[in-house]
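> how does the following fold in three dimensions:
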Amino acid sequence: MSGGGGVARKVRRTVARSAKAGLGWTTSPTLLRSRVVSGLWGVALASPGLPEGTRSRLAGHVQDSLLRAGRTEQALRTSDAALRRIRNRRFRADLLMRQVGAELEHGTPPRLPAAVSAELAVADGLLAKGDRRGAVLAVQTVHRQLFHRRLQFDRMTSPLADDPAGFLAQWHASATVQALSAPRGRSGAPGPVPTDRPLRLLIATYGNHGFLSAIRRHFEQRPDVEVRFLDPGEDGTHVPLLNNSRAMMEHILAGRSSFGDRVEEWLGPQLEWADVVFVDWCAAMAVLFSLVDPGSTRVVVRLHSFEAFAHWPHLVDFSRVDDLVFVSDHLRDLAVAAVPAMASAGTRLHVISNAMDLRSYRRPKNPDARFTLGVVGIKAVAKDPGWAVRVLRHLRAHDDRYRLALYGHDLDADASPDARRFWDELLAEIADLEAAGAVVRMGQTEDMPEAFRDVGVVVSSSVRESFHCALVEGAASGAVPVVRDWPFFAGRSASARSLFPPDWVVDSPEEAAERIRSLTATEQAWRSAGEAAAEHAIATWDWEIVKNHFDDLVYGMAVATAGGSPGGGK
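Next comes the predicted model:
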């Protein structure tokens, strides 16, 4: 008995010394590779007598070091043993969140559900006591993990895309999150189309104008529409309001705040002037507009793609959004599953393609284009150009005239360890093909209609896309389209197969290579297939077609709902 007690006392002294010394060398990954040292820490953290705060903090450091030492299973066991001794809700949540942060370095965190549940319980408890700021800080801790780029953007899969309702079930069950997304309503319904003056349209975005040029130009040229354009990034005065999600959430929970007053002072006059507000991107700008009662102004928001994997839509009050636009059915389905308030608040949901001038891509192909595959856009992991490389290898096994041109900026490999790993693997994969001239990285290209003259086959190699404009632009140029059945959406009622003609979509690199070989077997077969693709793309998605849908959205549908009030002197 005395021997066992002596060991326990030594363990506690070791723990106490390490805590006092800021952990020191005893938790280094090098030492923790030793089963003796790591076992000692396991016993120490499971032993009685440690203050819960100390136990939680030490367990987080030990777990992180064990993971970096390659001792994944022991890291989890050690933390779990410490958790069994911790009763304080705050300390438990802190340790679980530290577990998740460490586990994220090595894959999808197995403790994420437990950590989310613990932290949201803290948030709900704080909110019940009237501590709104504390509740918001806890919610921020959660959404930084749930919507972390390493989980949702920098890998070939996404837990949110796999099961949006299940992945976010705890999030939606939280009283704090429910309060953040609760409808606050509006003082009036959208008024009728004005008959004595042009309709006043405010187009608002923050920084990214890429999908707005044709839309903005179109409405600016209509004599029956008066357009204002708002981008706070142009003068920077109001940018701090957009970069403060904590203040947004605190305002929502409180109902009033000095932050909300500043937003009202800025956007209130804009809403008062406009008959219709079109907010591009369902992100921070959309949240700020929904903080202000729009009165009889109709509010339209467009969601592109990344927002479905972010926290911003969860802060939008959709009872103040009249129309929500998506660029595809499959994106709509994913977003609504992730954010049920989009459908439950009475918002009208629309699917309208991106604005593209496809006729400008109709240019003669250069002689060697037939055997050139093109992938446009490689700066995101989701683009997965390695899939196209595998298609190329299958083709070159039969005919070494085939080559692959990669257009666009290189991936920012420093964005995350996952991005670095992906990019290094891709460069290694294409090294021999680049040396042989079979893969060429073309870099950013400003004149894609001209560049597509050299492309005979346009490939969508992505694991996910909301629409994939570059693929459609390539098809409009007369390049044969080959679309991977995007894995994020494959097998669902809406997917790449429901967006594009069935023969464009393939399941594997082998099937893609077979389609390409068949349709490029002769000059005539290639040109016929490219012409058919171009005719379909232009007839379906060209701006001359799509602009009618935007007219209906912005002007033709701007009518009062039953019992609505008129525009009120705008």
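> which element is the closest residue to residue 206 other than its chain neighbours on?
The spatial neighbour of residue 206 that comes closest, neighbours along the chain excluded (C-beta to C-beta, 6 or more residues apart in numbering), is residue 285 at 4.7 Å. Where C-beta positions appear, they are placed from N, C-alpha and C, glycine not excepted. Following DSSP states H and E, one finds residue 285 within helix 284-290.
> I would like the residues contacting that helix, please.
Residues external to helix 284-290 that are found in contact with it (C-beta atoms under 8 Å, 6 or more residues apart in numbering): 204-206, 232, 241-243, 245, 248, 263, 267, 271, 277, 279, 299, 301, 312-313, 315-318, 320-321.
> send the alpha carbons of it over as CSV?
Listed next in CSV are the C-alpha coordinates belonging to helix 284-290 (Å, rounded to 0.1, in the frame of the first residue of the first chain):
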residue,chain,number,x,y,z
ALA,A,284,-22.0,39.2,-43.8
MET,A,285,-23.8,41.8,-46.0
ALA,A,286,-27.0,39.7,-46.1
VAL,A,287,-26.8,39.4,-42.3
LEU,A,288,-26.5,43.2,-41.9
PHE,A,289,-29.4,43.9,-44.2
SER,A,290,-31.6,41.5,-42.2
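> before we move on, the earlier item: number of nearby residues for the residue nearest to residue 206?
If you count neighbours by other C-beta atoms under 10 Å, residue 285 ends up with 24.
> would you list the buried entries among the contacts of helix 284-290?
Among the contacts of helix 284-290, those classed as buried by 16 or more other C-beta atoms under 10 Å are 204-206, 232, 241-242, 245, 248, 263, 267, 271, 277, 279, 299, 301, 312-313, 315-318, 320-321.
> circling back: and the next helix or strand after the helix holding residue 285, which strands flank it?
Of the helices and strands lying after helix 284-290 in sequence (DSSP H and E), the nearest is strand 298-302. Strand pairing for strand 298-302, using DSSP bridges, gives strand 276-280 (parallel), strand 323-326 (parallel).
> those strands: which one's closest to residue 71?
strand 323-326 (45.1 Å; C-beta to C-beta).
> only alpha carbons, please: show that closest one as PDB.
Provided in PDB are the C-alpha atoms of strand 323-326 (Å, rounded to 0.1, in the frame of the first residue of the first chain):
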ATOM      1  CA  ASP A 323     -36.600  35.900 -52.400                       C
ATOM      2  CA  LEU A 324     -33.600  33.600 -52.100                       C
ATOM      3  CA  VAL A 325     -31.700  32.700 -55.300                       C
ATOM      4  CA  PHE A 326     -29.500  29.700 -55.900                       C
END
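> packing partners of the very next helix or strand once past it?
Counting by DSSP H and E, the next helix or strand C-terminal to strand 323-326 is helix 329-338. Judged by 3 or more C-beta pairs under 8 Å, 6 or more residues apart in numbering; DSSP states H and E, helix 329-338 is in contact with helix 164-167, helix 341-344, strand 348-351, helix 496-499.
> try 10 Å this time
Applying 3 or more C-beta pairs under 10 Å, 6 or more residues apart in numbering; DSSP states H and E, one finds that helix 329-338 contacts helix 159-162, helix 164-167, strand 323-326, helix 341-344, strand 348-351, helix 496-499.
> pretty sure residue 109 is touching residue 72, no?
No: counting by C-beta atoms under 10 Å, residue 109 stays clear of residue 72, with 11.5 Å between them.
> same list (the helices and strands packed on helix 329-338) but as JSON lines, adding mean pLDDT, mean neighbour count and distance to residue 44.
Below are the helices and strands packed on helix 329-338 laid out as JSON lines (pLDDT from 0 to 100; neighbours: other C-beta atoms under 10 Å; distance: least, C-beta to C-beta, whole Å):
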{"stretch": "helix 159-162", "mean pLDDT": "95", "mean neighbour count": "18", "distance to residue 44": "33"}
{"stretch": "helix 164-167", "mean pLDDT": "96", "mean neighbour count": "16", "distance to residue 44": "35"}
{"stretch": "strand 323-326", "mean pLDDT": "96", "mean neighbour count": "23", "distance to residue 44": "53"}
{"stretch": "helix 341-344", "mean pLDDT": "94", "mean neighbour count": "18", "distance to residue 44": "47"}
{"stretch": "strand 348-351", "mean pLDDT": "95", "mean neighbour count": "15", "distance to residue 44": "55"}
{"stretch": "helix 496-499", "mean pLDDT": "97", "mean neighbour count": "22", "distance to residue 44": "53"}
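> of these, which is nearest residue 222?
Of the helices and strands packed on helix 329-338, nearest to residue 222 by C-beta to C-beta is strand 323-326, at 18.6 Å.
> returning to that earlier point: possible to save the strands paired with strand 298-302 as JSON lines with distance to residue 123?
As requested, the strands paired with strand 298-302 are arranged in JSON lines below (distance: least, C-beta to C-beta, whole Å):
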{"stretch": "strand 276-280", "distance to residue 123": "28"}
{"stretch": "strand 323-326", "distance to residue 123": "27"}
